[in-house]
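K.L.:
Quick one, what's the 3D model for this:
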Amino acid sequence: MTEDLERFETLVGIVARLRGPGGCPWDREQTHRSLRPHVLAECYEVLEALDDGDSGKLCEELGDLLLLILLHARIADENGSFDIGDVIRGISEKVIRRHPHVFGEVKVHSAEEVLHRWDALKRQERNGESVLSGVPAEMPALAAAAEISRRAVRAGFEWENVEGVIDKLGEEIRELRKAAGAEEKSHEFGDLLFTLVNVARWEGIDAETALREANRKFVRRFRRMEELCRQRGLDFARLSMPEKDALWEEVKKETG
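P.N.:
Numbering: from 1, shown residues only. Down below sits the predicted model:
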């Protein structure tokens, strides 16, 4: 191909060719539904690149995600629903409409004020729907809890201070300890997690990111324990718990 590969229109043409006669059999058979898991996977790969701080990987993963967006737009175009121009026009109109302080005469003095105005504009657009409307049902639960909490706070539903959230956390722990039966324990555990997300919000922590990083740290340390066992001719599964604890502490000191 001799086209300028940096041009957006070139990529749109590539996708059209993939979907067209004589194109790729895999791309031609895709539907909105069949692409769904790929969109989700690519979003997580973008997050992983962000977590790693790897700009090269981020560039590549954003490209993969853009390809899927263009595939969806092409499928919709073929079905007569919309095309990529409609997608671009729609988001451009929305961004301009929701930023009157940039594209209009409205004056704002802080990022917090921008968020309040953004929410007010969204409510106007949605004709009085709940401020919690639009949180995707299949969003990861921890991230969804953070978004629900943020939206409730912007509507004025908030503790007076972080101590109130900490007190609520203690209350939820006590209720979990008193819970009888699997269903009640599950209910109380959910309340505990939701309160923890609010603690994170008060402390300026993104709960989803914090847990994802904790997962990565645990995996990294556990793999190092397995590696040390191989180097020392030990069977990790046969170690006693005190021996495993000692190995864990050794790895913690080594890896930080």
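
K.L.:
what about residue 198, neighbour count?
P.N.:
24 (other CB atoms under 10 Å). Quick note: C-beta positions are derived from backbone N, CA and C, even for glycine.

K.L.:
again, but for the one 3 residues further on
P.N.:
Residue crowding around residue 201 was assessed by other CB under 10 Å; the count is 19.

K.L.:
residues contacting the residue lying closest to it once chain neighbours are set aside?
P.N.:
Excluding its sequence neighbours, the residue lying closest to residue 201 (CB to CB, 6 or more residues apart in numbering) is residue 149, at 5.7 Å. By CB atoms under 8 Å, 6 or more residues apart in numbering, the contact list for residue 149 reads 194, 197-198, 201.

K.L.:
repeat that for 10 Å
P.N.:
By CB atoms under 10 Å, 6 or more residues apart in numbering, the residues touching residue 149 are 157-158, 194-195, 197-198, 200-202, 207.

K.L.:
With residue 190 as the reference, measure out to it.
P.N.:
Distance, residue 149 to residue 190, by CB to CB, to the nearest Å: 14 Å.

K.L.:
for residue 183, same thing?
P.N.:
Distance, residue 183 to residue 190, by CB to CB: 11 Å.

K.L.:
More neighbours: which of the two?
P.N.:
Neighbours were counted for residue 183 and for residue 190 using other CB under 10 Å; residue 190 has more, 14 against 9.

K.L.:
got a list of what the more buried one touches?
P.N.:
By CB under 10 Å, 6+ apart, the residues touching residue 190 are 141, 145, 172, 176.

K.L.:
can you check residue 158 too?
P.N.:
149, 152, 164-165, 198, 201-202.

K.L.:
got it, and residue 235?
P.N.:
Here residue 235 is in contact with residue 229 (criterion: CB under 10 Å, 6+ apart).

K.L.:
ok, it to residue 123 distance?
P.N.:
60 Å.

K.L.:
same question, residue 181
P.N.:
Plainly put, residue 181 is 40 Å away from residue 123 if you go by CB to CB.
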